[in-house]
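Colleague: A predicted structure for the sequence below; I have some questions about it.
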Amino acid sequence: MLNLKETLRPGSISKELIASIETDKGELTNIQQPDDVYRQNMYSKYYNQLNNYGIFIAEKGLEEDLYNSYSLIQDSIRALLNYPTTTYTDEEVIEKMKKKKSTFMYHFVDEYLSDLSSIAGCELAEPLYYCKQVIEELRHV
């Protein structure tokens, strides 16, 4: 991953970030059982560093982060999946999202595009803004 980014933008990856990743290499590659404390530690340590290079990581997972972002998003997801709160737990909703990842995301964005404005100020939207910036830069080249 880092080699690819360096190829795309030579010299753009800081030596500090590379050293930090090298230091944590064993922790990052030999995870026996993921747990929330480990995940939060890695997220806190690397999120800001990596997003400076257009690499975005989820706090927990894409589906969990999206589902837990705002109650309006939760309600929209439950409506799309037809998973009412009286019948299905949050975990069951997230599992359904994961099971049908690509088709779920496609239909969710297609059906509830206007609801996505509610995540405009949260970290979940940062990759979208980054992509928009890259596309705008490419158009002006």
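Modeller: That came in fine, so what should we check first?
Colleague: any idea how far residue 50 is from residue 17?
Modeller: Distance, residue 17 to residue 50, by C-beta to C-beta, to the nearest Å: 8 Å. The way it works is simple: take the backbone N, C-alpha and C, and place the C-beta from them, glycine included.
Colleague: between these two, which one's more packed in?
Modeller: residue 50 (19 against 16; other C-beta atoms under 10 Å).
Colleague: quick one: low-confidence parts of this protein?
Modeller: By pLDDT under 70, the low-scoring segments of the chain are 1-12, 32, 34, 141.
Colleague: buried sites along the longest helix along it?
Modeller: Secondary structure of the chain per DSSP state H: the longest helix is helix 36-51. Neighbour counts over helix 36-51 (16 or more other C-beta atoms under 10 Å) mark 39, 42, 43, 46, 47, 50 as buried.
Colleague: ok, so of those, who is nearest residue 97?
Modeller: Set against residue 97, the nearest of the buried residues of helix 36-51 by C-beta to C-beta is residue 39 (18.1 Å).
Colleague: Many thanks, have a good one.
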